[in-house]
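Enquirer: Turn this into a structure:
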Amino acid sequence: MTDFERLNVLVLAGGISHERDISLRSGRRVADGLAAHGHRVTVREPDASLLTAINDIRPDVVWPALHGASGENGALRALLTAAGVPFVGADAESARLAWLKPVAKTIVTRAGVDTPASVTLPTETFRELGAVSVLEALGDALTAPLVVKPAEGGSAQGVTYVDDVTDLPRAMVNAYTYNDVALIERRVIGIEVAVAVLDTGAGPVALPAVEIVPRNGIYGFEARYNAGETNFFTPARLTDAAAIAAADVAVRSHQALGLRHLSRVDLIVDPEGTPWFLEANVLPGLTETSLVPLAIEAAGFDLGAVYAGLAEQAIRDTLDFAG
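Expert: As a prediction, this is how the structure comes out:
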């Protein structure tokens, strides 16, 4: 054991988002890792009795393994902060900024990070200006190939790859199914990688990049969570210079967004070796097919030990802030 002999940890998993099942799997894996290191773990759903339950359980730390808006848009984290309960992951403000993909892109761009050109459009724009006019303007402003995605959300839900601008209407409808705002982004062709950033008190460090090679060419929902649908290479098959650049971009993005403890930064590395920021995940998946556990193990770390270290750091951060 380390500084904390036996923590009382509350893992929150499930919820009502589109990523509920993924959250349950992540939560179970976190709970198993913490329990293996001697900590007492309770796993429960977020519901109307949660805040009362927190008062009853009196956890030393909360681990929000909630994917989707309920766990990543900052609202729950704000409540935990107000209640003085330590929790793992980004604080409320940073979570909210990273959750909003267009906002995150703006912030990292100001920090000198490259991110693909994009246009952000709410559904109201289509109603006010007319779908035909808006789509024509998009076709003039952005050249295919493009990626259309909801401005909020994860697990590639609502994401469409557009090779011809005539496919934009269908892609927009798909994105709007999940969110009222869509992000239309130039698609950078290259090596898709995810870089986990870990900080247990000594500052953020990039773990080995994970290269993502889906069997059908698209890293969608099924490819993410069904074993065998995607090949992963850890470390990614990058040149030394590109690997260093990707790690640097991941850490800079993590810091620019004000994230803490653990994040995952998704990048495309183009043929010239330039990493392009796509998005940052304040609560990356931790299932048996997720990318962050692959990176942790590739770095030579024990998963349970890392999860325990993050829980302990969350407590230290809260104590430092209170002091």
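
Enquirer: buried set for the helix or strand hosting residue 250?
Expert: Here residue 250 sits within helix 240-256, counting by DSSP states H and E. When burial is assessed from 16 or more other CB atoms under 10 Å, helix 240-256 yields the following buried residues: 242-243, 245-247, 249-256. Any C-beta I mention is one placed from the backbone N, CA and C, and that applies to glycine too.

Enquirer: how about the helices in the stretch 101-250 of the chain?
Expert: Here the stretch 101-250 of the chain has its helices, by DSSP state H, counting those that start in this stretch, at 101-110, 123-129, 131-141, 168-176, 221-225, 240-256.

Enquirer: Counting neighbours, what do you get for residue 52?
Expert: Look at residue 52: counted by other CB atoms under 10 Å, it has 9 neighbours.

Enquirer: Same question for residue 189.
Expert: Using other CB under 10 Å, residue 189 has 9 neighbouring residues.

Enquirer: Residue 156 versus that one, what's the distance?
Expert: Using CB to CB, to the nearest Å, residue 189 is found at 17 Å from residue 156.

Enquirer: Residue 207 too?
Expert: For residue 207 relative to residue 156 (CB to CB), the value is 21 Å.

Enquirer: out of those two, which sits in the busier spot?
Expert: The neighbour count for residue 207 versus residue 156, taken as other CB under 10 Å, is higher for residue 207 (27 against 17).

Enquirer: any idea how far the spatially closest residue to that one that is not a sequence neighbour is from residue 5?
Expert: Nearest non-adjacent residue to residue 207, counting by CB to CB, 6 or more residues apart in numbering: residue 295, 4.0 Å away. Noted for residue 295: a distance of 28 Å to residue 5, by CB to CB.

Enquirer: Can you tell me the SS state at the residue nearest to residue 239 when sequence neighbours are not counted?
Expert: Sequence neighbours aside, residue 273 is the residue nearest to residue 239 in space, at 6.0 Å (criterion: CB to CB, 6+ apart). Following DSSP: H, G, I helix; E, B strand; the rest coil, residue 273 is assigned to coil.

Enquirer: Which pLDDT value goes with residue 273?
Expert: Note on residue 273: pLDDT of 97.

Enquirer: tell me the domain boundaries of the protein?
Expert: Domain segmentation of the chain under automatic domain parsing yields 8-89+304-322, 97-114+189-300, 118-186.

Enquirer: how about the strands in this protein?
Expert: Using DSSP state E, the strands of the chain run over 8-12, 40-44, 61-64, 118-122, 146-150, 160-162, 181-186, 191-198, 205-206, 210-214, 230-233, 262-269, 275-281.

Enquirer: Would you confirm that residue 76 contacts residue 68?
Expert: No - applying CB atoms under 8 Å, one finds residue 76 not in contact with residue 68, separated by 11.1 Å.

Enquirer: Without its sequence neighbours, what residue ends up closest to the residue most central in space within the chain?
Expert: By CA atoms, centre = their mean, the chain has its centre lying nearest to residue 281, at 1.6 Å. Once flanking residues are discounted, residue 281 sits nearest to residue 264: 4.3 Å by CB to CB, 6+ apart.

Enquirer: Just checking, which helix or strand of the protein averages the lowest pLDDT?
Expert: Every helix and strand of the chain was ranked by mean pLDDT, DSSP states H and E. The lowest is helix 221-225, at a mean of 63.

Enquirer: Contact partners for the residue nearest to residue 281?
Expert: 194, 195, 196, 197, 280, 281, 284, 291, 292 (CB atoms under 8 Å, 6 or more residues apart in numbering).

Enquirer: Emit the ChimeraX select command for whichever of those are buried.
Expert: Of these, the buried ones go into a single ChimeraX selection, burial set by 16+ other CB under 10 Å:
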select :194,195,196,197,280,281,284,291,292
